[in-house]
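Peer 1: Have a look; sequence and predicted model below, questions after that.
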Amino acid sequence: MPFDAKTKRADDAYARLKDEIRSNLMPAGYQATEPEIAEYLGMSRTPVREALVRLAAEGIVEIKPRRGARVLPLTRQDMAEIYEILLALEPEVAANLAARGLDNAELALLERATAKMEKALAADDLDAWAEADASFHGSLLELHGNRRLIEFVETLNDQVHRARTITLRMRAKPHRSTEEHRQVVVCLQKGDSDGARRAFRMHRERATAELLEILETYNLPRL
């Protein structure tokens with residue numbers, strides 16, 4: 001098989017497995033052998049094996065010799081540690097972008113994501129809101145342009161996506177979060193570096209505290 005075709009099959013297996021895990025179709029604790037997973041996906045074992053190795057490196061699954069792979073759960077401590085990292089990184093990304101200055105097309109990406117959040121919230125469509133929220137954060141990183149940072153944060157987001165999905169409807173409607181995103185956009189429009197940093201930090205601190213409180217209140221030590 002040509003190298004490019006082999007790589008594509010491995011990438012396809014990786015993308016499909018990640019989607020199954022992120023959407024909780026393969027929930028935390030799910031375990032299956034490599035042949036079982038390959039049959040489930042309708043793929044051969046080789047690309048599935050390569051995909052599982054990548055997911056294991058990202059801390060999403062655990063490969064157990066002769067027993068296949070298991071989807072790793074997230075603990076409250078895992079969530080606290082991941083959000084501590086995001087809190088250290090994302091406000092600085094916003095501050096750097098404000099200091100650099102964004103053109104109209106770049107600002108439009110963040111404006112559209114924020115507008116979609118507001119529209120989804122008005123329609124009480126939390127799934128659409130979450131998608132727009134992810135688009136906002138992803139666009140911010142893309143505009144920053146540091147590929148290693150993008151890949152690192154994407155890995156963290158893949159790990160916590162399940163927890164966000166599970167707790168989405170346990171939280172208050174995300175009016176404050178939407179307003180906080182709008183404030184970040186305003187600071188970016190003004191080129192206000194300190195304001196962008198402060199607004200993003202306040203958003204992450206509040207959202208993190210809210211999520212960890214939910215995990216504590218609902219006694220969800222593992223997700």
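Peer 2: That came in fine, so what should we check first? Computed from a prediction, not measured in an experiment: that's the story for all the values here.

Peer 1: Low-confidence bits of the protein, can you list those?
Peer 2: For the chain, applying pLDDT under 70 flags the ranges 1-3, 220-223.

Peer 1: Quick check: the gap between the spatially most central residue of it and residue 38.
Peer 2: The centre of the chain sits closest to residue 157, judged by Cα atoms, centre = their mean, with a distance of 2.7 Å. Applying Cβ to Cβ, to the nearest Å, the value for residue 157 to residue 38 is 27 Å. The C-beta positions use only the backbone N, C-alpha and C, and glycine is treated the same way.

Peer 1: what about the strands in this structure?
Peer 2: Using DSSP state E, the strands of the chain run over residues 31-32, 61-64, 68-71.

Peer 1: and the nearest residue to residue 150 once chain neighbours are set aside, how far is that from residue 152?
Peer 2: The shortest distance from residue 150 to any non-neighbouring residue, by Cβ to Cβ, 6 or more residues apart in numbering, is to residue 141 (4.8 Å). In this view, residue 141 and residue 152 are 10 Å apart by Cβ to Cβ.

Peer 1: Give me the more crowded residue out of those two.
Peer 2: Using other Cβ atoms under 10 Å as the criterion, residue 141 and residue 152 rank with residue 141 on top: 21 against 14.

Peer 1: Contact partners for the more buried one?
Peer 2: 93, 149, 150, 153, 154 (Cβ atoms under 8 Å, 6 or more residues apart in numbering).

Peer 1: for residue 59, same thing?
Peer 2: Counting by Cβ under 8 Å, 6+ apart, residue 59 has contacts 72, 155, 159.

Peer 1: That one and residue 103, how far apart?
Peer 2: Taken as Cβ to Cβ, the span from residue 59 to residue 103 is 36 Å.

Peer 1: Also residue 66?
Peer 2: For residue 66, the distance to residue 103 - Cβ to Cβ - is 55 Å.
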